[in-house]
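Asks: sequence and predicted model, in that order:
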Amino acid sequence: MKITIGEVEQLLKEGKTVKVKTINNEYTPIINFINKGTLKTFKVTLDNEKTIKVTEKHKFFTDAGWLETKDIIINKHKILCDDDSYYNVVSIDNIGLHEIVDITVEHPDECYFGNGMLNHNSGKSLLASYALKSTQEKGGLAIYIDTEAAASREYMDAIGVDINKLVYIQLETLEDIFSTIESTIAKVRSIDSDVIVTIVVDSLMGATTQKELDADYGKDGYNTDKAIILSKSMRKLTNLIARQNILLILTNQLRINLQAMPFSPDKYITSGGKAVAFHSSVRLRITSAGKIKAPVNGVEQVVGIKTKVAVVKNRLGPPLRVVGYEIYFDSGIDNYGSWLDILKQYKLVTSGTTWSLILRYNSIRDTDELGKSILKEYTGTIVDPFTGLEFTEADGIFKFKSKDFTRWMEANPKLKEFLYDAICDRLIMDYKDGREYSLEDISIENDGETEHS
């Protein structure tokens, strides 16, 4: 049945499941309803008379791949519609300022048909941007290769990326991407042999091949050409990257594997074959895990999403680890919020005991105390970020609220470093000669069920 976007919001507020049509004639759950506020709006019209109102950065799947509204050329590009056909864009009209809403779906390709046109949402680019930010903070060189014309200067600036020092390169073909990576590495290392270098390619799904770019819109050769080029490029670059200490991050989209048998582990495939998966040192799979609501101007709205990242391959440590964090639309990843979650998960935050030095964490639901169990080694003072007063062990108990945890960490770099080390001690697995756990501690997961030995 057809419903309006306003009805979607109401149904989600009532806790009901709403699904929207996506590729392969499937339906995927809507997990977020996002009110983006009043923005400059454009009306996109196709020659099949379908229309949609969007911002200039809204992304559609076209016969030239994923394109933002501002990059679509009238009477040249065509948009994929829900009848599996492409239709010509006949007009894009600026209709002034309007309230714009968007949705996030659970589908691995992060796309859905809205007003009959294939639209896109994603979160992997944000994680890659944080890697660039961390590289810059360590004095390194951050390089962003954009194949989707989807980089947001405003959002990168908001999460802390120094735009003035970011090397931004917009490329279309895989051949250009990998030759640029090779020449860039050679040039950087000829100038500085020690500087940290991070290169992000966002994304392989959005990249084409030179043959495909020069050809018409037929399907012949696309999959094989892309897979062959990626395979050859990874063989050439893998050892070069290792020798020169380069971090190369490649983002991609998952697709449903239509040839997979029921219960097959190969439920999803990636664009361009398996070469990147084979050569990669670490592979992360990012999925959405829910939405975050908060009052905005007196009205409850979705202000962020909860994200889950699973390590599906890791040559540098144990694989199959899973981490969750929150992303806020106006500021990015809530780093310290995940710290507090981990402290509670590993029982570094406990309750019910009085110690000589206690950091008391107050929330609406409960009261937890971060106490002597991990702070017994901490000897420094702690500064109240609101009053500037200093606390020591002799002062006993002092309190802070969960929403102020970030400010406490920023005001106390020594305490922040101490807690960070405590978290790392629990999360990072050390290699040992023998196992520390007995058979009674081991559980085996099989076909979604857990068996205990």
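Replies: Arrived safely. Numbering: from 1, shown residues only.
Asks: domains of this protein?
Replies: 5-120, 124-257, 340-427 (automatic domain parsing).
Asks: what about the shortest one, how long is it end to end?
Replies: In this case it means domain 340-427. 14 Å (CA to CA, to the nearest Å).
Asks: what of the first one?
Replies: Domain 5-120 has an end-to-end distance of 16 Å (criterion: CA to CA).
Asks: check stretch 157-169 too.
Replies: So stretch 157-169: terminal residues 17 Å apart, CA to CA.
Asks: any chance you could list what contacts stretch 144-155?
Replies: 57, 59, 65-68, 71, 125-126, 129, 132, 163, 166-172, 177, 180-181, 199-204, 206-207, 332 (CB atoms under 8 Å, 6 or more residues apart in numbering). Just so you know, the C-beta spots here come from the backbone N, C-alpha and C atoms, and that holds for glycine as well.
Asks: list the strands paired with the helix or strand encompassing residue 89, with their directions.
Replies: For residue 89, the host element (DSSP states H and E) is strand 86-105. Using DSSP bridges, the strands paired with strand 86-105 are strand 27-46 (antiparallel), strand 78-80 (antiparallel).
Asks: distance of the nearest residue to residue 233 once chain neighbours are set aside from residue 303?
Replies: In space, and not counting its chain neighbours, residue 233 is closest to residue 178: 4.1 Å by CB to CB, 6 or more residues apart in numbering. Per CB to CB, to the nearest Å, residue 178 is found 39 Å from residue 303.
Asks: now do residue 422
Replies: Using CB to CB, we find residue 422 at a distance of 30 Å from residue 303.
Asks: cool, residue 206 as well?
Replies: From residue 206 to residue 303 the distance is 28 Å (CB to CB).
Asks: with residue 183 instead?
Replies: For residue 183 relative to residue 303 (CB to CB), the value is 42 Å.
Asks: so between the two, which is more surrounded?
Replies: Neighbour totals were compared for residue 183 and residue 303, and residue 303 leads with 19 against 10 (other CB atoms under 10 Å).
Asks: and whatever helix or strand that one lives in, which residues are buried?
Replies: Using DSSP H and E, residue 303 sits in strand 299-314. By neighbour count on 16 or more other CB atoms under 10 Å, the buried set for strand 299-314 is 301-307, 309, 311.
Asks: columns pLDDT and distance to residue 97 on top of the residues you listed, output as TSV?
Replies: Output for the buried residues of strand 299-314, formatted as TSV (pLDDT from 0 to 100; distance: CB to CB, whole Å):
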residue	pLDDT	distance to residue 97
301	82	19
302	79	21
303	83	21
304	82	24
305	82	26
306	83	31
307	85	31
309	87	36
311	90	43
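Asks: of those, closest to residue 290?
Replies: Of all the buried residues of strand 299-314, residue 290 sits closest to residue 306, with 4.3 Å by CB to CB.
Asks: ok, what's across the strand from the closest one?
Replies: Assigned bridge partners for residue 306, using DSSP bridges, are residue 290, residue 326.
Asks: list the contacts for it?
Replies: Residues near residue 306 by CB under 8 Å, 6+ apart: 288-292, 324-327.
Asks: try 7 Å
Replies: Residue 306 is in contact with 289-290, 292, 324, 326, counting by CB atoms under 7 Å, 6 or more residues apart in numbering.
Asks: return the distance of it relative to residue 75.
Replies: Counting by CB to CB, the gap from residue 306 to residue 75 is 42 Å.
Asks: kindly report the same for residue 421.
Replies: On the measure of CB to CB, residue 421 and residue 75 end up 60 Å apart.
Asks: now the helix or strand hosting residue 416: buried residues?
Replies: For residue 416, the enclosing helix or strand under DSSP H and E is helix 413-427. By neighbour count on 16+ other CB under 10 Å, the buried set for helix 413-427 is 415, 418-419, 422-423.
Asks: go on, stretch 233-244?
Replies: Buried residues in stretch 233-244 (16+ other CB under 10 Å): 233-234, 237-238, 241.
Asks: what about it, average pLDDT?
Replies: Mean pLDDT, stretch 233-244: 93.
Asks: ok, stretch 316-334 next?
Replies: On average, stretch 316-334 scores 83.
Asks: list of residues touching that stretch?
Replies: 34, 123, 126, 130, 158-159, 281-282, 289, 292, 303-313, 337-338, 429.
Asks: now residue 88: closest residue in space that isn't a chain neighbour?
Replies: Per CB to CB, 6+ apart, closest to residue 88 is residue 47, 4.5 Å.
Asks: wait, isn't the one you found in contact with residue 86?
Replies: No: between residue 47 and residue 86 there is no contact under CB atoms under 7 Å: 10.2 Å.
Asks: so the two - more neighbours on which side?
Replies: residue 86 (17 against 12).
Asks: that one is in contact with residue 63, isn't it?
Replies: Yes: counting by CB under 7 Å, residue 86 does reach residue 63; the two are 5.2 Å apart.
Asks: overlap in contacts, those two.
Replies: residue 78.
Asks: just to revisit the earlier point, of the buried residues of helix 413-427, which is the nearest to residue 270?
Replies: residue 423 (31.5 Å).
Asks: and the residue lying closest to that closest one once chain neighbours are set aside, which of the three is it?
Replies: Sequence neighbours aside, residue 342 is the residue nearest to residue 423 in space, at 5.4 Å (criterion: CB to CB, 6+ apart). Per DSSP: H, G, I helix; E, B strand; the rest coil, the local secondary structure of residue 342 is helix.
Asks: count of neighbours near residue 342?
Replies: Residue 342, neighbours per other CB under 10 Å, totals 17.
Asks: one more: residue 295?
Replies: Counted with other CB under 10 Å, residue 295 comes out at 9.
Asks: convert the C-alpha atoms of stretch 193-205 to PDB, please.
Replies: Taking Å, rounded to 0.1, in the frame of the first residue of the first chain, the C-alpha atoms of stretch 193-205 are listed here in PDB:
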ATOM      1  CA  SER A 193      60.000   8.900   4.700                       C
ATOM      2  CA  ASP A 194      58.400   8.800   8.100                       C
ATOM      3  CA  VAL A 195      55.200  10.900   7.800                       C
ATOM      4  CA  ILE A 196      51.900   9.000   8.500                       C
ATOM      5  CA  VAL A 197      49.800   8.700   5.300                       C
ATOM      6  CA  THR A 198      46.100   7.600   5.100                       C
ATOM      7  CA  ILE A 199      44.400   7.300   1.700                       C
ATOM      8  CA  VAL A 200      40.600   6.800   1.600                       C
ATOM      9  CA  VAL A 201      38.900   5.700  -1.600                       C
ATOM     10  CA  ASP A 202      35.200   6.400  -1.300                       C
ATOM     11  CA  SER A 203      33.900   4.200  -2.900                       C
ATOM     12  CA  LEU A 204      34.700   1.200  -5.100                       C
ATOM     13  CA  MET A 205      31.000   0.900  -5.900                       C
END
